[in-house]
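> coordinates for the following, if possible.
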Amino acid sequence: MKDVQKEYDPRNIKIDRVGIRNVNYPINALDHNGGTQSTIARISMSVMLPREYRGTHMSRFIETLEEYRGRVSPHNLEGFTRRLCEKLNASESSVRFRFPYYFRKKAPVSGIESFSKCDVDLQAHYYEGQKFDMIIGVALNIQTLCPCSKEISKYGAHNQRALVSLYVRCKSLVWFEELVTMIENSASSPLYTLLKREDEKFITEHSYENPRFVEDVIRELAVTLDNEERITWYKAGVESQESIHDHNAFAEIERTK
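Predicted structure coming up:
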């Protein structure tokens with residue numbers, strides 16, 4: 001049959017990115033223990049289209065996804081993007097996988113375990129000539145307790161849930177769980193799915209002893225990231241769902257080390 005996509009295009013215009021976006025697809029994500037976790041990813045894939053081609057072969061994106069869906073991890077995204085270039089005869093390719101990732105977590109006093117969740121965002125770009133760029137992102141909820149409220153109030157202090165998003169470039173792999181730990185260590189307190197009364201007491205008191213503005217959270221996180229030699233670049237954001245204000249508070253920071 002006639003290959004319409006490979007017809008010559010006389011307009012002589014290169015397209016930076018062409019592909020498919022927001023494909024919901026089951027994958028097996030590799031974890032740091034060497035196991036796999038079944039999840040549903042929202043996936044985008046694209047290539048650079050040369051000026052002489054009319055179109056690309058959209059079906060080949062899914063074909064490549066089928067080859068790799070059983071083993072998605074930061075370890076093999078370079079192979080995935082390189083394979084896209086091979087199948088679509090392209091010099092550049094990009095992929096993005098966004099999916100929920102679950103990990104086991106113990107309550108601080110009782111030790112009872114339950115699943116917690118973060119949202120993972122893997123982005124990768126491959127350039128002809130073996131140049132590869134990857135960004136690993138996680139987003140996680142934490143608790144913050146207001147230092148100002150604690151200082152001026154006779155009884156307690158207001159606290160709330162805040163969302164932290166963290167993106168990093170690394171010269172050697174940093175796992176999702178490690179990024180989660182960095183985020184939680186910057187908070188007034190981590191969040192838990194399952195708690196007993198002794199755990200609630202501990203978290204309430206621990207948060208009160210560790211008040212954090214969004215500015216405090218982002219700075220604490222930046223100190224940790226600056227001291228992590230594997231990380232070469234980071235972008236972090238904190239957004240607090242304020243409990244006594246009708247607006248959110250946020251702080252952001254981006255650094256190339």
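
> is it true that Ser110 lies in a strand?
No - Ser110 is assigned coil when assessed by DSSP: H, G, I helix; E, B strand; the rest coil, not a strand.

> torsion angles phi and psi at it?
When read as degrees, to the nearest 10, the backbone of Ser110 gives phi -70, psi -30.

> that one contacts Asp199, correct?
Yes - assessed by CB atoms under 8 Å, Ser110 is found in contact with Asp199 at 5.4 Å. In this view, the C-beta of every residue, glycine as well, is placed from N, C-alpha and C.

> which of these two has more neighbours?
Applying other CB atoms under 10 Å to Ser110 and Asp199 shows that Asp199 carries more neighbours, namely 18 against 14.

> contact partners of stretch 124-140?
In this structure, residues lying in contact with stretch 124-140 by CB atoms under 8 Å, 6 or more residues apart in numbering are 74, 77-78, 80-82, 84-85, 91-96, 101, 118-123, 163-170, 174, 176, 179-180, 183-184.

> are any of those buried, and which?
The neighbour-count test (16 or more other CB atoms under 10 Å) marks 74, 77, 80-82, 84-85, 92-96, 101, 118-123, 163-170, 174, 176, 179-180, 183-184 as buried among the contacts of stretch 124-140.

> show me what the one helix or strand Ile20 maps to is packed against.
If you go by DSSP states H and E, Ile20 is part of strand 15-30. Packing partners of strand 15-30 (3 or more CB pairs under 8 Å, 6 or more residues apart in numbering; DSSP states H and E): strand 36-49, helix 59-68, strand 92-106.

> all helices for the stretch 151-257 of the chain, in order.
176-185, 197-209, 214-226 (DSSP state H, counting those that start in this stretch).

> counting by contacts, list what the shortest one packs against.
Helix 176-185 makes packing contacts with strand 92-106, strand 113-127, strand 131-145, strand 159-170, helix 214-226 when contacts are defined by 3+ CB pairs under 8 Å, 6+ apart.

> and the residue nearest to Trp175 when sequence neighbours are not counted, what is it in contact with?
Counting by CB to CB, 6 or more residues apart in numbering, Trp175 lies nearest to His32, which is 4.1 Å off, once chain neighbours are set aside. When contacts are counted by CB under 8 Å, 6+ apart, His32 touches 175-178.

> which other residues reach stretch 181-188?
Residues outside stretch 181-188 that contact it (CB under 8 Å, 6+ apart): 138, 140, 142-145, 159, 162, 164, 166, 190, 206-207, 210-212, 216-218, 220-221, 224-225, 228.

> same deal with stretch 70-86?
Against stretch 70-86 from outside (CB under 8 Å, 6+ apart): 27-30, 36, 41, 45, 47, 60-61, 64, 67-68, 90-95, 97, 122, 124-126, 128, 132, 134, 136, 173.

> buried subset of the residues you listed, written for ChimeraX?
For the buried members of these, the matching ChimeraX selection, counting by 16+ other CB under 10 Å, is:
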select :27,28,29,30,41,45,47,60,61,64,68,90,92,93,94,95,97,122,124,125,126,134,136
